[in-house]
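1. just the structure for this:
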Amino acid sequence: AMHMLKRRRSILILSLIALWTILGGAGLFYYRSSIKETWVEKTVNINITKGSAAVIRAPNTSWQDVPGGISLYPDDKVWVKESSSATFQFPDGSMTTVEGNSQFQIVQSEGWENNYKRDIRIIRGLFTNWVAPVSSKGYFTVRTESSRLWVEGTVFKVEVNKEGQSRFQLDEGKLKIGALTVDNDGKLVVALLNLTPGDSIIVPPVPPELRAPSQLEYLSQLTRDVVQQTSQEKNLSAPVTGAKSEKFDPATGSAIYAVVSSPNFILPEKLTTPPAAPHAGNRSDQVTVSVPSIAIHYSPVLEVAPT
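-> Residues are numbered from 1 along each chain as shown. Just a heads-up that it's a prediction; the model follows:
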């Protein structure tokens, strides 16, 4: 009887182990399947629709000609050559058309479907963007030398000329822009501005005293922090390390943050103040009045001479 009891106990234990293995395998299969369904690949597909293009991909440091279509990865730098055009598309369906003699870099493209993060650096040229709706946990940002854009699902144009001037035009949806400039008191500031369809603004180049690569990278990240913190916290005076909230207008969603010196960044004693913008009319609040170097035009669309 004792022998039979031990045998039954052994059979029961082996059965439980087998059942656990089956259930565990099924769970693992489901988990892996879920990953396949929700993980967003990093690659961005580009199609050369006219002419030719070249790319710099680490460890290479020189331009390499590319065929009609390739997959781009984070840190790839792309040059769409003169009299050429291209279209690149993210895995979520967001798409950008690029005109000739334009350069850009894919900074980030990764995450899960509900927090997919995309970041593009526009160096020069004209870009038209169609951005799929962005989840509350993800983001789509565009950076130029002087600005950072926080995109929520929209259609907009970005143009950067060889001097570093940035032009933004919103066709559909919403667009929040953090623009780095010098205010009417001679202070370096990040101006936070909201665009609605038909609006257009022009942001002047970064002052010459701040054009060292390390300075540009620091200020780009700081501008991004201002845009991101105020957007995610829905607070126009949210605390941001390296900047101080000075003024804001809840009615328009605009704000001014003064850039302050920090261990990683020392403000020059004097900055070159950009000239007042020739199209600086239609300013509706104290925030936009304090940044006369930014050309702000509410629809109809501002006409800008081609670069």
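2. which strand residues bridge the residue nearest to S220 when sequence neighbours are not counted?
-> Nearest residue to S220, sequence neighbours excluded (Cβ to Cβ, 6 or more residues apart in numbering): R143, at 5.7 Å. C-beta: built from backbone N, CA, C; applies to glycine. Note on R143: beta-bridge partners R121, R148, judged by DSSP bridges.
3. got a list of what R143 touches?
-> By Cβ atoms under 8 Å, 6 or more residues apart in numbering, the contact set of R143 is 107, 119-122, 149, 220, 223-224.
4. cool, and V227?
-> V227 sits in contact with 141, 148-150, 176-178, 192, where contact means Cβ under 8 Å, 6+ apart.
5. just say helix, strand or coil for it.
-> Per DSSP: H, G, I helix; E, B strand; the rest coil, the local secondary structure of V227 is helix.
6. in space, what's closest to it - neighbours in sequence excluded?
-> G178 (4.0 Å).
7. how near is the one you found to P59?
-> 33 Å (Cβ to Cβ, to the nearest Å).
8. point out where the chain drops to low pLDDT.
-> For the chain, the stretches flagged by pLDDT under 70 are 1-42, 112-114, 136, 278-285, 298-307.
9. biggest strand in it by residues?
-> As assigned by DSSP state E, the longest strand anywhere in the chain is strand 166-182.
10. show me what that strand is packed up against.
-> Helices and strands touching strand 166-182, by 3 or more Cβ pairs under 8 Å, 6 or more residues apart in numbering; DSSP states H and E, are strand 147-160, strand 188-195, strand 200-203, helix 213-232.
11. how about N101, what does it touch?
-> By Cβ under 8 Å, 6+ apart, the residues touching N101 are 80-82, 84, 124-125.
12. and the buried ones among the residues you listed, selectable in ChimeraX?
-> To isolate in ChimeraX the members of the contacts of N101 that are buried, counting by 16 or more other Cβ atoms under 10 Å, one can use:
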select :80,81,84,124,125
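13. and the contacts of N101, which is closest to K50?
-> S84 (5.4 Å; Cβ to Cβ).
14. isn't the closest one right up against A53?
-> Yes: using Cβ atoms under 8 Å, S84 is in contact with A53, at 6.3 Å.
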